[in-house]
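S.K.: Quick one: sequence and predicted model below, then my questions.
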Amino acid sequence: MTHPSRDPRAVAFRLLAQVLDRRRPFDEALADSKGFASLATRDRALVRRLLATLLRRLGQVDDLIETCLNRPLKRGHGGVRNLLRLGAVQLAFLDTPAHAAVSTTLNLATSPRLAGHKGLINALLRRIDREGAALIAKQDAARLNTPHRLWRSWESAYGEIATRAIAEAHLSEPPLDLTVKSAAEVEIWADRLAAEVLPNGSLRLPPGRGEIAKLPGYDEGAWWVQDAAASLPVRLLGQVAGRRVVDLCAAPGGKTATLAALGAQVTAVDISPARAARLEANLTRLGLGAEIVTADAAEWRPPAPVDAVLLDAPCSGTGTLRRRPDIARLKGPDDITALTALQDRLLAAAVEMIAPGGILVYATCSLQPEEGPERIAALLAAGAPLARMPVKPDEVFGRDDWLSAEGDLRTLPCHLAELGGMDGFYACRLRRR
């Protein structure tokens, strides 16, 4: 038997408890896991694949388990449930041979509390192996894997058809998008990376291309990772060369890098010293420069009013569920309430930073209306000296379906479905009076 510290499934089991039972973000739990860090590259990939697939398909997996149990698990048996989940996802969605999925799951039931349920675990997983395919064929995957509160919110905002398309987009592992530092070299790097060029100029690679740092062009600082949707808000600022631009909540730095590459005089502000250090490291790798300020963006002010502010505000992140499926299980109504209050504070601060005639672009990677158009409506209703500058279709590659009735940018995960989808993003452009 593999030692627990070197067993990828044991590491996955411990991480799953961190995420679902202790409600820690997956990336944070992963970064703090010594067990994960000690694994070989191949085993780290297995842990990521196991947990990402399980979190993405958690509703279906739990439905399978409930269907195949003769009686519901009692409360307090979270460890048993998590073992069942790990075994079931391997059988149902990862094509793991039954003997391997069952035996490796049983090997994890080592504590007295878990060992007493080995018979149940074995019987249930054997049943899923026999009946799982037929049961899955009857499931409504989009509905089961979307928490009811999110489905209801999206249905109200976007309608039933779009909501189902969004939920279905979340079931697939997302591709990897890159922004090339020099627009003149997009085709060159598309060739070297065997990537597809998207309408916005991003390069798109299929999932599973290996470690990012080992891809051609990484060490040279030729590109950075950035979803196609996340590249759009900077475009709404127009020509930024030589202009003073403040990028609030800037880390990890994709938008800062874009602004710097376009010739803007950028001040990047982030409250977290660790995230600011990561931003600085990214800019150093890319050979780009910006002033980096570690401060609370709601309190900090530039020495003089600036030409433009880009505020990509902290949010629930529900537009990024394709790559961060744990968010659906971790963020709730209380989180949204706290985040919208923070967004209002940041917006009020941003307004004070802009010179008359300057531009503010507010963006969030959220699908929740409370974090997008409702924040702008509240800002304008409070008398902020701003006027909307509607985005025109030709500014977003003729995609008028990416624009709201008010002229704001609104991308959905089901947009560009024929090319692999994109993150959900909201952005509004306003001019300071």
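M.R.: Received it, and whenever you're ready, just let me know what you need.
S.K.: contacts, neighbours, all on C-alpha from now
M.R.: OK.
S.K.: All the strands of the chain, in order from the start?
M.R.: Per DSSP state E, the chain has strands spanning 176-180, 196-197, 203-205, 223-225, 244-248, 265-270, 291-294, 306-312, 354-364, 386-388, 409-411, 425-432. These are given in chain order.
S.K.: which parts of the lowest-mean-pLDDT helix or strand in the chain are buried?
M.R.: When the helices and strands of the chain are compared on mean pLDDT, DSSP states H and E, helix 112-115 comes out lowest with a mean of 90. Applying a neighbour-count criterion of 16 or more other CA atoms under 10 Å, one finds Leu114 buried in helix 112-115.
S.K.: Could you do stretch 64-82 as well?
M.R.: Of the residues in stretch 64-82, those buried under the neighbour-count criterion (16+ other CA under 10 Å) are Leu64, Ile65, Cys68, Gly79, Val80, Arg81, Asn82.
S.K.: List the ones among the residues you listed that fall in helices.
M.R.: With helices taken from DSSP state H, the overlap with the buried residues of stretch 64-82 comprises Leu64, Ile65, Cys68, Gly79, Val80, Arg81, Asn82.
S.K.: gap between the nearest residue to the fifth one once chain neighbours are set aside and Cys68?
M.R.: In this structure, Val80 finds its nearest non-sequential neighbour in Leu114, 6.2 Å apart by CA to CA, 6 or more residues apart in numbering. Leu114 sits 19 Å away from Cys68 when distances are taken as CA to CA, to the nearest Å.
S.K.: do Leu144 as well
M.R.: Plainly put, Leu144 is 16 Å away from Cys68 if you go by CA to CA.
S.K.: and if you look at Glu371?
M.R.: Taking CA to CA as the measure, Glu371 and Cys68 are separated by 40 Å.
S.K.: Report the contact partners of the spatially most central residue of the chain.
M.R.: Relative to the mean C-alpha position of the chain, the nearest C-alpha, by CA atoms, centre = their mean, is the one of Thr320, at 3.2 Å. If you count contacts by CA atoms under 8 Å, 6 or more residues apart in numbering, Thr320 has them with Cys365, Ser366, Pro413, Asp423, Gly424.
S.K.: which one among these gets closest to Arg431?
M.R.: Closest approach to Arg431 among the contacts of Thr320 (CA to CA): Cys365, at 21.6 Å.
S.K.: Domain-wise, how is the protein divided?
M.R.: 4-139, 234-432 (automatic domain parsing).
S.K.: Output these as a markdown table; include the columns distance to Arg152.
M.R.: Written out in a markdown table, the entries for those read as follows (distance: least, CA to CA, whole Å):
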| stretch | distance to Arg152 |
| --- | --- |
| domain 4-139 | 16 |
| domain 234-432 | 11 |
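S.K.: Out of these, which one sits most buried?
M.R.: Counting by mean count of other CA atoms under 10 Å, domain 234-432 has the highest mean neighbour count of these, with a mean of 19.
S.K.: So what's the gap between that one and the chain middle?
M.R.: Here domain 234-432 is found 15 Å from its chain centre; the criterion is CA atoms, centre = their mean, to the nearest Å.
S.K.: Could I get the average pLDDT for that domain?
M.R.: Model confidence over domain 234-432 averages 97 on the pLDDT scale.
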